[in-house]
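**Student:** Have a look; sequence and predicted model below, questions after that.
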Amino acid sequence: MKEKENKNIEKKKGPGRILIREEYCMGCRLCEVNCLVQHSKTKNIIKAYKTEFPRPKPGVIVEENGYVSFALQCRHCDDAPCLEACLTSAMHRDKDTQAVICDADKCVGCWMCIMVCPYGAIARNTEGKKVASKCDLCKGENVPVCVKNCPNEAIIYEK
Amino acid sequence: MKNKQKKYVIVGNSTAGVAAIEAIRSIDRAGVITVVSDEPYLNYSRPLISYFLAGKVSKDKLSFRGKDFYESNEIRLILDTKAVRIDTEKKELVCSGNKKVPFDKLLLAAGGVPIIPPLNGRDLAGVFTFTKLSDAEAIEKYVRSHSVKKAVVIGGGLIGLKATEALVALHMSVTIVELADRVLSAAFDKTASSIIEHALEKVNCRVSVNNTVEEIEGRAGEVKGVIFKNKEKVPADLVIIAIGVRPSISLAQGTRIKINKGFLVDDHMRTSVRDIYAAGDCCEAWDALLGINRTLAIWPLAVKQGLAAGYAMVGSDKKYAGGFAMNSVELCGIPTVSVGVTNPEGTGYEVLESYDKEKPLYRKIILQNNRIMGAIFVGDIDRAGIYTGLIRDTVDTASFKEHLLKDDFGLIRFPKEYRKYLIDKETVAI
């Protein structure tokens, strides 16, 4: 009987995952540049950096210390603390891709998500309306652009 | 018996109650869920009422679950109805109008109620509390129909200051009166409080500390001013009482449910009476940092507790892992985050601090045996969650302590094994 009750609940397929291989990262920051351009209105590198307002923030953070570096983006956690902490449900799981994304329209910039993300993977974008900004796994793309443009396969995408 | 649909009843239609619904429905699609709320609305996000009053968020954007939430989850909604008492023997919830709702599993998640001191004049028109949407709507209506220029906010805690911010946006000059020696004394230390106090003064607010209101004065039934403890008279067209909230527990009085300040619960959010659970601001759940049960009225924990209660009500053994104090709030345009123990008492604590008074930027980290116990960030809160994660995982920071205060602090400073574990493991829960 219990099985019958539960038949509607199917295990949802998780989002793709970006694996980080710090041994291969050279700290070139091409991931950062490509992410920003991809999330700009014009998708033009010069305009995206120089004239667009509000300028998007890259959803990938490059951390560096001497010879060690790596590109880090939202882990799209199964048990994402940012989803629970969001006061408005702006932070939500995309129905199609299962990625954790922020609806800028609903976001009020309370930064609860930033307080609970153990990766520090959510940024404040305060240029226009205050909104939380993060990796969306490049919805619509087969492979996120940071991964596609990494010359050293220091980040790889696992679907 | 197996075929019988379980009757779940939830008192309260806010954060914890909604989370419980989602947990129950993730396992049991067939049970009957009834939600009883004394408010007339579908769900709305309480922290947003200050944004609503300030005109930053419209009423239709206050809900955190869409209109179809109740329909798609097949919820029986009993709104605008007060749960009055519980008959634990008959397993019935008795509501206003003597309406009786039978339950197999009951969740108490009615949140908190504002504390109103026995002040003369508290019943005057123009005196409000500020915890519900109806409060914000009543204030908005009063402001529109009266020429309100001066306001007094009693209480310099989070609710008082968010109310102040909204009143400032409505072009009022506000006096905040606070019993302690500074605003936000619960979560902030002296330096952090002083930054916010300076910012408040810049937007034409006065902060009066070590002080309280002794009487609210009125004329023709409307508030006209307040008299402070030091006998100073302050004119006011509007008064907001925001000295704190207490758990909403009255419906369980006279039952065997154990109550301290709030309902005492175990790690399945069970109260002391079988089949009755509690979650959110009305309960005293496990504080993982202090190692005690206490009320922690914050959104993320209300969600976690609501989920844990929902799972327990269905019979799943997922536990509530406990939580700790944390808050993120922007005041006067200054972002702030406070987590864990921020005013350590006693010995054995180490404090790391950096303060740039001009900008202002403030960062404080409290350690005990090299483990982070708390942190305060004012001005720049970027990547603050990394510290929250270190508190949660009780990480020994000895090998990277000197980097904790640096602007570029990040996962790169972690021991490689911990970094790998953090990045590659599948789930995370704070």
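**Tutor:** Sure, I can see it.

**Student:** Would you mind listing where chain A has pLDDT under the threshold?
**Tutor:** A:1-14 (pLDDT under 70).

**Student:** That one: helices as residue ranges?
**Tutor:** Secondary structure of chain A (DSSP state H): helices located at A:2-5, A:30-38, A:45-50, A:81-85, A:112-116, A:145-148.

**Student:** Tell me which residues touch the spatially most central residue of chain A, please.
**Tutor:** Nearest to the mean C-alpha position of chain A, by Cα atoms, centre = their mean, lies A:Cys135 at 1.2 Å. The contact partners of A:Cys135, taken as Cβ atoms under 8 Å, 6 or more residues apart in numbering or on different chains, are A:Ile18, A:Cys35, A:Gly59, A:Val60, A:Gln73, A:Cys74, A:His76, A:Ala99, A:Ala121, A:Pro144. For glycine as for every other residue, the C-beta is placed from the backbone atoms N, C-alpha and C.

**Student:** okay, now the first one: neighbour count?
**Tutor:** Going back to what we said before, that points to A:Ile18. Counted with other Cβ atoms under 10 Å in any protein chain shown, residues neighbouring A:Ile18 total 25.

**Student:** In the stretch 301-430 of chain B, what residue spans correspond to helices?
**Tutor:** Counting by DSSP state H, counting those that start in this stretch, the stretch 301-430 of chain B has helices at residues B:384-392, B:416-424.

**Student:** How far does the first one sit from its chain's centre?
**Tutor:** Pointing back at helix B:384-392 there. The chain centre lies 20 Å from the centre of helix B:384-392; the measure is Cα atoms, centre = their mean, to the nearest Å.

**Student:** elements contacting it?
**Tutor:** If you count contacts as 3 or more Cβ pairs under 8 Å, 6 or more residues apart in numbering or on different chains; DSSP states H and E, helix B:384-392 packs onto helix A:112-116, strand B:334-340, strand B:371-378.

**Student:** what's the angle between it and helix B:416-424?
**Tutor:** 110 degrees (axes from the mean of the first three to the mean of the last three Cα atoms, to 10 degrees).

**Student:** quick check: angle from helix B:384-392 to strand B:371-378?
**Tutor:** Going by the same axes, to 10 degrees, helix B:384-392 makes 160 degrees with strand B:371-378.

**Student:** Do me a favour and average the pLDDT over helix B:384-392.
**Tutor:** For helix B:384-392, mean pLDDT rounds to 97.

**Student:** what's the answer for stretch B:10-26, then?
**Tutor:** Rounded mean pLDDT across stretch B:10-26 is 98.

**Student:** Report the backbone C-alpha coordinates of that stretch in CSV.
**Tutor:** What follows is stretch B:10-26, C-alpha atoms only, in CSV (Å, rounded to 0.1, in the frame of the first residue of the first chain):
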residue,chain,number,x,y,z
ILE,B,10,-0.6,22.0,11.3
VAL,B,11,-1.2,25.1,13.4
GLY,B,12,0.5,28.0,11.6
ASN,B,13,0.9,28.8,8.0
SER,B,14,4.3,30.3,7.9
THR,B,15,7.9,29.1,7.4
ALA,B,16,7.9,26.0,9.6
GLY,B,17,4.4,24.9,8.7
VAL,B,18,5.1,25.2,4.9
ALA,B,19,8.3,23.3,5.2
ALA,B,20,6.5,20.6,7.1
ILE,B,21,3.9,20.3,4.3
GLU,B,22,6.7,19.8,1.8
ALA,B,23,8.4,17.1,4.0
ILE,B,24,5.1,15.3,4.5
ARG,B,25,4.1,15.4,0.9
SER,B,26,7.6,14.2,-0.3
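
**Student:** list the contacts for residue 38?
**Tutor:** This is for chain A. So A:Gln38 contacts A:Cys138, A:Glu141, A:Val145 (Cβ under 8 Å, 6+ apart).

**Student:** my bad, chain B
**Tutor:** B:Asp38 neighbours (Cβ under 8 Å, 6+ apart): B:Asp80, B:Thr81, B:Lys82, B:Ala83, B:Ser96, B:Ala110.
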